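[1] I'll drop the sequence and a predicted model, then ask my questions.
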Amino acid sequence: MGTLSVNLTDRLERLVREKVDSGLYNSASEVVREALRLMDKLEQSRTDRLEQMLAGAGEFAHPNALRSAVEVHPLKGKVDVGIESISTNA
């Protein structure tokens with residue numbers, strides 16, 4: 001397992017220390033690993049829901065009625081969905 005150095009805000013450092021001091025975790029590394037696992041699950045869940053929404057929209061809309069622009073933020077992995085146009089004409 002590799003070693004990685006990260007800088008935390010004072011607030012996040014306190015949170016990590018509190019988790020270790022509570023006895024729930026044995027080290028700061030355990031806290032960070034658990035946080036990253038949870039973040040990964042959350043991102044996957046969001047991606048799955050977005051894919052379901054886009055698939056569902058396709059079932060009810062004319063192919064040209066709804067165009068979505070999906071952009072994943074390259075640094076934060078956030079997904080932004082923008083509706084370019086909605087047509088109410090069939």
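    Right, received. Where do you want to start? Computed from a prediction, not measured in an experiment: that's the story for all the values here.
[2] which phi and psi values does residue 9 adopt?
    phi -70, psi 160 (degrees, to the nearest 10).
[3] how deep is it tucked in, by neighbour count?
    Other residues lying near residue 9 total 8 when counted by other C-beta atoms under 10 Å. No exception for glycine: its C-beta is placed from N, CA and C like everyone else's.
[4] with residue 31 instead?
    19.
[5] likewise for the one 3 residues further on?
    The number of residues packed around residue 34, counting by other C-beta under 10 Å, is 13.
[6] excluding its backbone neighbours, what's nearest it?
    Counting by C-beta to C-beta, 6 or more residues apart in numbering, residue 25 is the residue found nearest to residue 34 once chain neighbours are left out, at 7.1 Å.
[7] contacts only, for the one you found.
    19, 31, 34 (C-beta atoms under 8 Å, 6 or more residues apart in numbering).
[8] mind checking the SS state of it?
    Three-state assignment for residue 25 (DSSP: H, G, I helix; E, B strand; the rest coil): coil.
[9] tell me the phi and psi of it?
    phi -130, psi 150.
[10] tell me the predicted confidence for it.
    pLDDT recorded at residue 25 is 97.
[11] likewise for residue 54?
    So residue 54 comes in at 79 (pLDDT).
[12] how many neighbours does it have?
    13.
[13] I'd like to know how far it sits from residue 47.
    Separation of residue 54 from residue 47 (C-beta to C-beta, to the nearest Å): 11 Å.
[14] low-confidence stretches in the protein?
    Confidence mapping of the chain against pLDDT under 70 gives the ranges 57-90.
[15] ranges for the strands of it?
    Taking DSSP state E, the strands of the chain run over residues 66-72, 79-86.
[16] for residue 5, state which of the contacts of residue 25 is nearest.
    Of all the contacts of residue 25, residue 5 sits closest to residue 31, with 15.4 Å by C-beta to C-beta.
[17] please tell me how far that closest one sits from residue 46.
    Residue 31 is 23 Å from residue 46, by C-beta to C-beta.
[18] for residue 26, same thing?
    If you go by C-beta to C-beta, the gap between residue 26 and residue 46 works out to 30 Å.
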